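Colleague: structure of the sequence below:
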Amino acid sequence: MEVSSNYPTDVSKTTLGSAMLNGIWGSKWYRPLPKGFTKHPIDRAVMHVIEPTLRLAYYWPSRRFFNNKASNMVWWTRMVLNNLSRIHRPVFSYDPHIHATTQEWNGVPVRLYQPKRKPSTNGAVVFIHGGGFALGSVDMYDSLTRRIAKLLNSVVISIEYRLSPEAKFPAGLHDCEAAIEYFLDHAAEYGVDPARIILMGDSAGGNLTAVITHRRKLSNKEPSLKGQVLIYPLLHMADFQSPSYRYYHKNLEGYALVDPESVALYYLFYAGINMDDEENRALLPYVLRNGHISEKNDKVIGELLKHRAEIESSLNYSSLCELPDRPEVTPSAKARQLLDDVLTNPEICPLARDDLADLPPALVITCDFDVLRDEGILYAKRLEEAGVPVTFVNYENGFHAMLNFHVELFEASRSLQEIVNWSRDRILA
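Modeller: Model prediction:
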């Protein structure tokens, strides 16, 4: 498994203005960021503005006013993030070198980005956005996908799949597959070799990327994908007490970052469980203490997560703090009944796939300040064991969803350049 931590030298030039305009207001909501959270001093200054803005705009209101109905929390978070992206997009999205159009492929909306100058490759990237299967859109990710197209100077497609809780599993998965199949059938019309396509996704989009990659292998679909890029992926719901989760509880509780309760809530919605039901919502504390794992599944999950001991011993944040021990499991018969089949369904939890051999080369990105860090590490290790060429990059100062701030943060910009470099190398291989 190739491990990289080198950064290209791209720099953002838009950070100081944002910090100065919002500094006085942001100071009212100031909370010192944990040690090591982002690396560059300007990045820390900018995040001291962005984080309280998000905390005030969606994180705090969603928990204070909508805690009695989970779908209202989703609605509020969507509304806030969509509107913030509309403010951001006109400033940072336009690029005269990229032509973007919204189309419909096999009934699925997509955004197609095409370079106006001669493309550097005849390959393409298909991007699946994140958001816990419940948030996100091609508009929200427009700045990111447009920049990928510019840096790569190649075609990029962003898929607008259906979201939960309105559309539960497997609706979003089928949307992505339908759009991808259309593109593979018509790639030549866009100057793309269908044998040179990279599938890429962040967070829940990383989940869908992994699942689609598996499904294409199992069905022997041709052409094969040239590579898969999993950016801080969401891969299972079998362990909510790994070191990265326990670090969150000790040092990140209350920050506007991806939190354990939201991960569990969105995952359960995606699996088709009505989390507006009070009895189901009451199961969340049991899930977060791993009380949803039945005796039948315990041994199976233990084998799939067999590298947990290595993470506990060597990736336990010892340089930052001493983690609390794993709490005692609080079992719930109802949670076990509801989730018994979900936990081992590899099309919902791709880490549950027992055979990962013969998959395309993978780039797996994780961040230390991310509850999902450990599952990305586990997946990279299992891919490597299965003989899949893996490049694994962990950003020690990074956090979940940081690529959404690729304009504002040096670290995110450099990470994006590294992703583009890997994708270009794979397309040209």
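Colleague: could you identify the helix or strand that succeeds the helix or strand of the chain at the bottom of the mean pLDDT ranking?
Modeller: Each helix and strand of the chain was given a mean pLDDT (mean pLDDT, DSSP states H and E); the minimum falls on helix 15-27 at a mean of 47. Next helix or strand after helix 15-27 toward the C-terminus (DSSP states H and E): helix 41-54.
Colleague: what packs against that following helix?
Modeller: The contact analysis (3 or more C-beta pairs under 8 Å, 6 or more residues apart in numbering; DSSP states H and E) places helix 41-54 against helix 15-27, helix 410-428. Every residue, glycine included, has its C-beta placed from N, CA and C.
Colleague: with just CA atoms, put it into PDB.
Modeller: In PDB, the C-alpha atoms belonging to helix 41-54 read as follows (Å, rounded to 0.1, in the frame of the first residue of the first chain):
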ATOM      1  CA  PRO A  41      -1.900  29.500  10.100                       C
ATOM      2  CA  ILE A  42      -4.200  31.100   7.600                       C
ATOM      3  CA  ASP A  43      -6.200  27.900   7.400                       C
ATOM      4  CA  ARG A  44      -6.800  28.000  11.100                       C
ATOM      5  CA  ALA A  45      -7.800  31.600  10.900                       C
ATOM      6  CA  VAL A  46     -10.300  30.900   8.200                       C
ATOM      7  CA  MET A  47     -11.700  27.800  10.000                       C
ATOM      8  CA  HIS A  48     -12.200  30.000  13.000                       C
ATOM      9  CA  VAL A  49     -14.700  31.900  10.900                       C
ATOM     10  CA  ILE A  50     -16.200  29.000   8.800                       C
ATOM     11  CA  GLU A  51     -16.800  26.600  11.700                       C
ATOM     12  CA  PRO A  52     -18.800  29.100  13.900                       C
ATOM     13  CA  THR A  53     -20.800  30.200  10.900                       C
ATOM     14  CA  LEU A  54     -21.800  26.600  10.200                       C
END
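Colleague: flag every buried residue along that helix.
Modeller: By neighbour count with 16 or more other C-beta atoms under 10 Å, helix 41-54 contains the buried residues 42-43, 45-54.
Colleague: how far does it sit from its chain's centre?
Modeller: 20 Å (C-alpha atoms, centre = their mean, to the nearest Å).
Colleague: that one to helix 410-428, inter-axis angle?
Modeller: 100 degrees (axes from the mean of the first three to the mean of the last three C-alpha atoms, to 10 degrees).
Colleague: so which residues of the stretch 1-150 of the chain form strands?
Modeller: 2-3, 98-105, 108-115, 124-128 (DSSP state E, counting those that start in this stretch).
Colleague: out of these, nearest to Asn153?
Modeller: Nearest to Asn153, of all those, is strand 108-115, at 5.0 Å by C-beta to C-beta.
Colleague: need the longest helix for the chain.
Modeller: helix 70-92 (DSSP state H).
Colleague: what sits up against it?
Modeller: Under the criterion C-beta atoms under 8 Å, 6 or more residues apart in numbering, residues 14, 57-58, 61-63, 65-67, 134-137, 139-140, 142-143, 165, 265-266, 269, 275-276, 281, 407 lie in contact with helix 70-92.
Colleague: restricted to helices, list these.
Modeller: Filtering the contacts of helix 70-92 for helices - DSSP H - leaves 61-63, 65, 142-143, 265-266, 269, 281.
Colleague: identify the farthest-apart pair in these.
Modeller: Across the ones in helices among the contacts of helix 70-92 (C-beta to C-beta), the longest gap, 34.5 Å, separates Ser143 and Arg281.
Colleague: between the two, who's got more neighbours?
Modeller: Comparing Ser143 with Arg281 by other C-beta atoms under 10 Å, the one with more neighbours is Ser143, at 22 against 18.
Colleague: the more buried one against Glu408, yeah?
Modeller: No - the criterion here is C-beta atoms under 8 Å, and Ser143 misses it with Glu408 at 10.4 Å.
Colleague: so who does the nearest residue to Tyr266 once chain neighbours are set aside touch?
Modeller: With sequence-adjacent residues excluded and distances taken as C-beta to C-beta, 6 or more residues apart in numbering, Tyr266 is closest to Gly132, at 3.3 Å. Applying C-beta under 8 Å, 6+ apart to Gly132 gives the contacts 203-204, 234, 262-263, 266-267, 270.
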